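In: Need coordinates for the following:
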Amino acid sequence: MFRDLQSRILHLPASNPSEKGPLSADVYAIRGETAWWIFDVGASDEAADFVNNLPCDVSVGELLEGTAPRLHQDAAPLKKNIVISHFHRDHFFNLPRVHFDNLFVGRETFRHCDENIRARSGTQVVESPLQFEDGLKICIEPIPSSHAKGSLMLTVDDDVPDCDCCGEQSRGAIAFLGDSTYPTVNHNGPDFYNVQLLYQQIQFLKGCSAQHFVMSHRRFSPREKETVLQLLENFYAMRQSHKNVIEVP
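Out: Next up, the predicted model:
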């Protein structure tokens with residue numbers, strides 16, 4: 001099931017800032033029955049083109065193999081449902097430049113969106129778990145994070161049709177975490193985790209149904225859940241009783 005799910009995913013890798021363009025986060029597009037579920041939209045021209053040029057009605061396999069047929073005249077085009085992990089520029093800057101039907105954002109990201117996007121009927125602020133069935137089980141929910149307030153996680157599962165987002169364990173599910181497991185970026189000193197938020201995040205991820213996690217700015221190779229948890233628990237073990245932050249090297 002895990003390999004079947006991976007075959008539904010298209011990925012545009014993150015790009016570093018250069019003369020050709022800005023820092024731009026990974027963009028993921030997951031093919032459902034009726035829609036592309038797109039996680040982040042990046043900041044580069046390439047990322048905007050990737051989202052806008054997603055095929056209307058073909059399988060990911062056909063696209064990768066170069067055998068995608070033209071859209072049949074009577075076929076219903078796939079919708080584009082976008083989930084923004086958080087409000088940092090490299091993850092959501094392209095929103096005004098891409099076409100979409102529905103947009104899911106956290107409260108803080110909503111505050112950073114322009115007025116036209118906030119006013120669109122398809123824009124929804126996510127403050128509790130949302131679940132959808134689209135040939136896959138889709139779950140969008142807030143995740144505690146030191147890196148950015150109002151972060152969202154997208155879980156995609158083709159194996160367990162009736163489990164909670166963070167309930168029954170599923171070997172086939174993949175959770176897209178964005179930058180949520182990273183520390184706060186401190187431009188005047190060491191990066192750091194908030195002790196309380198890091199504890200909440202560890203407990204949240206322990207209960208997550210997915211056994212594979214994907215983080216932004218990393219090569220697309222889903223990491224085992226226990227590996228990510230071990231790293232976070234190692235940071236949490238560095239806490240000091242008289243401090244509410246944990247500085248990281």
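In: Give me the helices and strands touching the lengthiest strand in the chain, please.
Out: Secondary structure assigned by DSSP state E gives strand 170-178 as the longest strand of the chain. Packing partners of strand 170-178 (3 or more CB pairs under 8 Å, 6 or more residues apart in numbering; DSSP states H and E): helix 2-6, strand 152-157, strand 210-215. Every residue, glycine included, has its C-beta placed from N, CA and C.
In: for the record, mean pLDDT for the shortest one?
Out: Mean per-residue pLDDT for helix 2-6: 71.
In: Flag every buried residue along the longest strand of the chain.
Out: 170, 172-178 (16 or more other CB atoms under 10 Å).
In: ok, now stretch 19-27?
Out: Buried-residue list, stretch 19-27, by 16+ other CB under 10 Å: 22-27.
In: Stretch 29-39 now?
Out: Buried, per 16+ other CB under 10 Å, within stretch 29-39: 29-32, 35-39.
In: what pLDDT, on average, does that stretch get?
Out: According to the model, stretch 29-39 has a mean pLDDT of 96.
In: Find the least confident helix or strand in the protein, judged by mean pLDDT.
Out: Least confident helix or strand, the chain: helix 60-65 with a mean of 52, by mean pLDDT, DSSP states H and E.
In: State the pLDDT value of residue 68.
Out: 47.
In: List the contacts of stretch 99-118.
Out: 35, 38, 51-52, 79-84, 86-87, 92, 95-96, 120, 122-127, 130, 140, 142, 148-152 (CB atoms under 8 Å, 6 or more residues apart in numbering).
In: whoops, I mixed them up, stretch 226-243
Out: Applying CB under 8 Å, 6+ apart, the external contacts of stretch 226-243 come out as 181, 183, 193, 195, 198-199, 201-202, 205-206, 213, 215, 246, 248.
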